[in-house]
Each structure stands twice: as C-alpha cells, then as structure tokens.
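Visitor: Got a predicted model here, sequence first, then my questions.
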Amino acid sequence: MNKQNLTIGGKELRSRFFLGTGRYPNPFVQNEAIRASDAEILTFAIRRVNLEAPGEDAILQHLEEERNFTYLPNTSGAKTAEEAVRIARLARASGLSDWIKVEISANEKTLLPDPIETLKATETLVSEGFTVLPYTSDDPVLCKRLEEAGAAAVMPGGSPIGTGLGILNPYNLGLIIEEANVPIIVDAGLGSAMDVTQAMELGADGVLMNTPVARAKNPVKMAEAMKLAIEAGRLSYEAGRIPKKKYATASSGLPSFISN
Ligand SMILES: CC(=O)[C@@H](O)[C@H](O)COP(=O)(O)O
C-alpha cells in the first residue's frame, strides 16, 4: 500500500511522531528513547534552553548530531499572547528555529490552553513569517479559526498535559479532523499505545507526546510502542475499518467474489 508522508510548512516528514524532550530520567535514556521513537520533530520549552548558547544547552547538546531533527520550540510558561510572541522572537533570534509551538496557559492546575491568547499569538507570529503550530483545546470552531489565521498545523489536546487520560472527546476530535485543511496533530494527555492508535484511527495526521514516554517505567520501550501504535493506527485509518453494526453476520459465508 502506498503510504503518504505528512507535510507541514513545506517540509515532508517521514515520521508522524512529535516527541517532547523533558522529564526523562537522564540524558542517556532521553537519547535512546528518541532513537527508538524514530521521531523527527522534537519539542522543548524555550524557557528551559540557554539561548545565549543553544549548541551547548543541557537539553540539546545530548541529541545525536548525525540525525536530522526539526526543532519545534514551544512557548510553555507563557500566560499571554504578548509573552508567547516575545519568547518565540527570542528563540528565532538565537538561531533555534522559526517553527514555533504556541502554548499559552494561565491556569496552573489544568494547564489548559487559553483560546483567545492562542489565536492572537498565532495571528501575530504568522504575520512575522513563523511556521506556527498552536496547541489548543479540542474545539472545532477554534481549530478552524487557527487554520484561517495561517497555522501550519493545529494541535488540539486529547486531555490536559501530563494527565495520561487519553482522548476525552473523540467526537470533537473527529469533527476537527473532518473539517481541517491543515494537518491535525493530537497534542497532550495521551497515556498509552491504545490512546495513540485511537487518535490515528480517527484520522489525526500525527501525535505529540512527552509524559507518557518520559515517565513510563521503561521510556525506551514505550517510545517504540508509541511509534508502532502510530504506524498501526495510520495504516488502519488508511485501510478503512468495517462499519459497526448492531447484529451479527456470519463470517463463514461464501466470499462476495463467489456469491456475486
Ligand atoms: C512537551 C510538550 O510540548 C508538552 O507540553 C505537550 O503538550 C505534551 O503533553 P504530554 O506530556 O501530556 O504528552
């Protein structure tokens, strides 16, 4: 079967796995998990990076140099559009990337994204030439507005960051995917390979995860499990599942190519 690669901001990606770099037990495990995930896009909080010398940074210096990663720095910690825009400009000025994950939350308890500030920041950063991937709530109207504002991909949450609760509203997510003309990446709240497969079978173009890999008992094995779940879910989506029915049909009947 012909598998189509994902393209974001004009860049063709071989992997649909977006991986966070925080909270691993140590840099060695982080590196092995990244390798096992086969992720190409790595995200990290800009506020945790030493922007004076990104090459010597504690997070980034451990990443294998031979692999060709695309960095997706994120604005986590920002509480307003103004703060997020300032952080993004700093990251670009220090040579990190002009790809930016807009992440704005004011509520420490839920870390849910602020929809209004997220839209404002997206509009500003798009107008400044950034490739913008906003992390947002799973609201179909808002996701459409972000697409119209020029987001290169839209990233609705499955559930709050770090909860591992999985996809709380598959109905909304299905609508978002159905309506979208840009890639939809499910970002945050996934906990297991089952959640990932569900996201991909709903038709998501990719998933972004950090906690379920970094905090697993064995992050390297979990990174591989998530990679396989992404591939299986995508393949199943492309193959087209059977419709759900209320009553049984004997599966031992004659094949349709004989009975017809
Ligand atoms: C690293 C990052 O960007 C997180 O803020 C992201 O939203 C992932 O969430 P989980 O940690 O729940 O996978």
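Guide: Cool, the structure landed. On a predicted model such as this, the values are computed, not experimentally measured, just so you know.
Visitor: Find the nearest non-adjacent residue to residue 226, please.
Guide: Among residues not flanking residue 226 along the chain, residue 196 sits closest, at 5.5 Å (C-beta to C-beta, 6 or more residues apart in numbering). (Each C-beta comes from the backbone N, C-alpha and C, glycine too.)
Visitor: Show me what the strand or helix carrying the one you found packs onto, helices and strands only.
Guide: Under the criterion of DSSP states H and E, residue 196 resides in helix 193-201. With contacts taken as 3 or more C-beta pairs under 8 Å, 6 or more residues apart in numbering; DSSP states H and E, helix 193-201 sits against strand 206-209, helix 219-239.
Visitor: Out of the ones you listed, which is closest to the ligand?
Guide: In terms of C-beta to the nearest ligand atom, the element of these nearest to the ligand is strand 206-209, at 4.1 Å.
Visitor: Pairing partners for that closest one, with directions?
Guide: Under the criterion DSSP bridges, strand 206-209 sits next to strand 17-20 (parallel), strand 185-187 (parallel) in its sheet.
Visitor: do that strand and the ligand meet?
Guide: Yes: interface with the ligand: strand 206-209 contributes 208, 209 (C-beta under 6 Å from any ligand atom).
Visitor: who's in contact with the residue nearest to residue 226?
Guide: Residues in contact with residue 196 (C-beta atoms under 8 Å, 6 or more residues apart in numbering) are 190, 207, 209, 226, 229, 230, 233.
Visitor: where does the stretch 101-250 of the chain come near the ligand, residue by residue?
Guide: With the criterion set to C-beta under 6 Å from any ligand atom, the stretch 101-250 of the chain comes near the ligand through 135, 161, 162, 187, 188, 189, 190, 208, 209, 210, 211, 212.
Visitor: Show me what the most centrally placed residue in the chain is bridged to.
Guide: Among the residues of the chain, the one closest to the centroid is residue 208, at 2.6 Å (C-alpha atoms, centre = their mean). In this entry, residue 208 is beta-bridged to residue 18, residue 187, by DSSP bridges.
Visitor: That one: what's it in contact with?
Guide: Neighbour list for residue 208: 18, 19, 20, 43, 135, 155, 185, 186, 187, 188 [criterion: C-beta under 8 Å, 6+ apart].
Visitor: nearest residue to the fourth one other than its sequence neighbours?
Guide: It refers to residue 43. Residue 43 sits nearest to residue 72 (C-beta to C-beta, 6+ apart), 4.3 Å away.
Visitor: distance of the one you found from residue 167?
Guide: Separation of residue 72 from residue 167 (C-beta to C-beta, to the nearest Å) stands at 21 Å.
Visitor: cool, and residue 154?
Guide: 16 Å.
Visitor: List the backbone torsions phi and psi for the residue in the stretch 51-200 of the chain that the ligand sits nearest to.
Guide: Of all residues in the stretch 51-200 of the chain, residue 188 sits closest to the ligand, with a separation of 3.6 Å (C-beta to the nearest ligand atom). Dihedral angles of residue 188 (phi, psi; degrees, to the nearest 10) stand at phi 90, psi 140.
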